[in-house]
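*Asks:* Build me a model from this:
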Amino acid sequence: MSGPGTTGAPDTPGITVERDEETGVAVVTLDRPERHNAITPDMARALGAVWRGFRYEDGVRAIVVTGAGGRAFSTGIDRTAVGEVPQPSSPYTIDDPLLAIGPKANDLWKPVVAAVEGMACGGAFYLLGEAEFLIAGEDAAFFDPHTTYGMVSAFETVHMALRMPYGEIARMALMGGAERISARRAYETGLVSELTPPGGALAAAIAAAAVVAGHPTEAVQGTVRALWSVQQAARAQALAHAPHLVALGNLPADRQAELFGKRGTGFRTR
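*Replies:* So this is what the prediction gives:
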């Protein structure tokens with residue numbers, strides 16, 4: 001975004017926020033391209049603060065979320081930083097640093113459009129699952145490697161289950177890192193609403209967000225809230241089970257690390 005009405009600067013390392021005063025559109029960028037925009041605990045906390053802050057910015061009427069660099073939207077949690085998050089010993093709870101990185105988890109009902117280029121996997125689904133719709137470059141790919149590394153895909157699967165046909169989300173979760181869903185397949189099954197040439201997702205998302213931002217904001221936010229009310233009860237019930245499933249089903253951390261170190265380079269894209 002550029003022009004006389006654009007303001008913005010990094011709010012925290014790894015995240016940039018730009019606001020266009022003329023269109024009412026803000027762009028939130030995960031900005032760690034050297035790490036495929038993997039999310040650290042500090043970034044997770046900052047994202048929550050960004051979404052909550054937008055509730056008080058009347059000049060921001062629609063938001064685009066994207067990843068920098070073109071190679072990835074995000075590859076989820078930064079595994080090198082996972083050790084920074086202590087976990088309770090109880091099997092009935094888990095301290096998930098990504099649990100509140102999405103707009104809806106922070107009570108923001110302004111519309112959010114996701115612009116996806118490159119890889120989007122694992123913890124990226126916490127954000128994609130809370131966007132109103134996705135626009136993707138033709139080279140985008142979606143996958144969930146949890147089962148490959150002896151981890152339960154619970155939170156991620158729940159976030160995406162109401163965006164994808166059951167067979168598609170089940171296949172993606174169970175195949176793990178062995179298979180990636182192409183942007184074309186994601187478009188055909190409804191996960192992605194618009195395909196663009198590689199590198200064009202952000203511009204298309206900003207254009208769509210600007211149209212939405214031009215409508216009366218009360219009507220727009222009411223519509224977002226109505227849409228989410230359809231799935232909110234089922235989603236909340238499913239997420240309530242997630243901590244127990246993760247605590248019971250995950251391999252020990254050292255075994256996960258061993259599998260991660262042995263990961264292969266081959267995968268199938270469909």
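
*Asks:* What mean pLDDT does the biggest helix by length in the chain get?
*Replies:* Longest helix in the chain, counting residues (DSSP state H): helix 217-249. Regarding helix 217-249, the rounded mean pLDDT is 82.

*Asks:* now that helix: how far from the chain's centre is it?
*Replies:* Computed by C-alpha atoms, centre = their mean, to the nearest Å, the chain-centroid distance of helix 217-249 equals 14 Å.

*Asks:* again with stretch 99-114
*Replies:* With C-alpha atoms, centre = their mean, you get 10 Å for stretch 99-114.

*Asks:* mean confidence for it?
*Replies:* 95.

*Asks:* Now that stretch: buried residues?
*Replies:* 99-106, 108-114 (16 or more other C-beta atoms under 10 Å). (Each C-beta comes from the backbone N, C-alpha and C, glycine too.)

*Asks:* ok, R32 - contacts?
*Replies:* G14, A38, T40, M43, A68 (C-beta atoms under 8 Å, 6 or more residues apart in numbering).

*Asks:* can you check L162 too?
*Replies:* G129, Q231, A234, R235.

*Asks:* ok, of these, which come out buried?
*Replies:* G129, R235.

*Asks:* can I get the contacts of L162 in CSV with distance to M119?
*Replies:* Formatted as CSV, those follow (distance: C-beta to C-beta, whole Å):
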residue, distance to M119
G129, 16
Q231, 26
A234, 28
R235, 25
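
*Asks:* Take the buried residues of stretch 99-114 and keep only those in helices.
*Replies:* Short answer: these have none in helices (DSSP H).

*Asks:* And the longest helix of the chain, what's buried?
*Replies:* T217, V220, V224, R235, A238, A242, P243, H244, L245, V246, A247.

*Asks:* and if you look at stretch 21-38?
*Replies:* Under 16+ other C-beta under 10 Å, the buried positions of stretch 21-38 are 23-32, 35-38.

*Asks:* Name the helix or strand for F142, please.
*Replies:* Using DSSP states H and E, F142 sits in strand 141-143.

*Asks:* chain center to that strand, what's the gap?
*Replies:* With C-alpha atoms, centre = their mean, you get 12 Å for strand 141-143.
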